[in-house]
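S.K.: Provided below for reference: sequence and predicted model.
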Amino acid sequence: MKSNTDWFKDAKWGVFTHYLTGKETTAEVWNSQIDNFNVDGLVEQLKATGTPYYFITIGQNSGHYCSPNDTYDSFVGIKPSKCSKRDLIMELADALTKEGIRLMVYLPSGAPAADPVAMERLGWEWGYEGQWPSGGPKRTGKRLAEFQLKWEKIIREWSLRWGNKVHGWWIDGCYFSDEMYRHDDPPNFKSFAYALKVGNPESIIAFNPGVKTPVITLTEYEDYTAGEISTIFPICPNRWLNGTQYHILSYLGERWGHGEPRFVDEFVVGYTKDVNSKGGVVTWDVPIDISGLIPQKFIDQLNLIGKI
C-alpha cells in the first residue's frame, strides 16, 4: 500500500547532498570528519532558504556510512568499523524536525562497489560486464537472494532505530530489478519496501532505475518516482505516473555534488515552477563541504527557489 505523498507534493522542492568519502579514508579519519560535521550550521542554511525537506547519503561506494549499524558490521567483519560511531542521521533528523524540515535518506541498492571485502561477504555481484556505463555492456544480472536478505536486515536496523524521524528513502542503482526484485516470493520489491518502511510505515520510497527520460516508475511498491535527470529535462505530464507521485532529482553543480552552478537562475526557478504547477516535485542536488555546509553560490540559488 502506498504512503500518502500529499506533504511531498505540497513541499514542491527540496535539497539533496552527497556527503561521501574515498575508499582510502581510514575509519579514524572518517569518524573525525563525522564528529566535526556542523549540524547546526547546515540546518540554519536550509531553514534560511525555506527548504521543506532535505536528503543526505547514508553512504555509497567507499563502504563508509554516517551512522552505526551492528548488523552491517556482523556481516562484513571489518575492524575498526567503517560505519561512524556518531549517528549523524539521527542528529540531523532531530535538529531538522525542530525547524519543520523533513529528513530523507539515500542508500544504494547494492554493496559498496569500492570495498571488495564488503562485496564478497555480503554476496554482491555487479550485473554488467564492465563498469557502468560502458556503451551497452552485456547484462549479467542475477537474483542475488542471499545478498538481498542481508541488505534488508541491514536496512531494517536503521529504519527501526530512526523510526518516524526519517520521512523517505531514495534507493539508487536498481538497474537489475527484473532479475532481483520481480518475484512472487521474497526477497522482492515487497520485502524490500517493507524493510525500508518497518520503522515508519508512512515514509515514502523510490527505487532508481538510472537516468530515464521520460521519467518512469519501477514498481507499485514505490511512492514517488526516483526521477534521476542529467542533461535532458523532461516536461512533467501531471502529478501521477501510474499512481506514483511524479518527482525528479537533478544537480545544480557541474556533476553530482561537485562544481560551480551550471544553470542561470532563471532556468532553475522556471523549471522548478513548471514541474510544481503540474503537481510534480523537484529535488536539487548541491555540493557540501567536509564541515557539512553548502557553498554560498548554491545557497543563493536555493534562496531564489524558496521564493517561488
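M.R.: Happy to help now that I have it. Numbers count the residues shown, from 1 in each chain.
S.K.: ok, Asn208 - how many residues close by?
M.R.: 23 (other C-beta atoms under 10 Å). Any C-beta I mention is one placed from the backbone N, CA and C, and that applies to glycine too.
S.K.: Show the residue spans covered by the strands in the protein.
M.R.: 13-17, 53-57, 102-108, 166-172, 204-207, 240-241, 244-245, 247-251, 281-285 (DSSP state E).
S.K.: Give the residue spans of this structure that score low on pLDDT.
M.R.: Along the chain, the parts satisfying pLDDT under 70 run over 128-140.
S.K.: where exactly do the helices run in it?
M.R.: 6-11, 27-35, 39-49, 70-76, 88-98, 116-122, 145-162, 177-180, 189-197, 265-277, 296-306 (DSSP state H).
S.K.: Deepest-packed of those, please.
M.R.: Ranked by mean neighbour count, the helices of the chain are led by helix 189-197 with a mean of 22 (mean count of other C-beta atoms under 10 Å).
S.K.: residues in contact with that helix?
M.R.: 3, 148, 152-153, 155-156, 159, 169, 171, 177, 181-182, 203, 205, 207, 218-222 (C-beta atoms under 8 Å, 6 or more residues apart in numbering).
S.K.: now the helices of the chain as JSON lines including distance to Thr231?
M.R.: Converted to JSON lines, those look like this (distance: least, C-beta to C-beta, whole Å):
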{"stretch": "helix 6-11", "distance to Thr231": "25"}
{"stretch": "helix 27-35", "distance to Thr231": "31"}
{"stretch": "helix 39-49", "distance to Thr231": "25"}
{"stretch": "helix 70-76", "distance to Thr231": "35"}
{"stretch": "helix 88-98", "distance to Thr231": "30"}
{"stretch": "helix 116-122", "distance to Thr231": "30"}
{"stretch": "helix 145-162", "distance to Thr231": "31"}
{"stretch": "helix 177-180", "distance to Thr231": "24"}
{"stretch": "helix 189-197", "distance to Thr231": "29"}
{"stretch": "helix 265-277", "distance to Thr231": "13"}
{"stretch": "helix 296-306", "distance to Thr231": "18"}
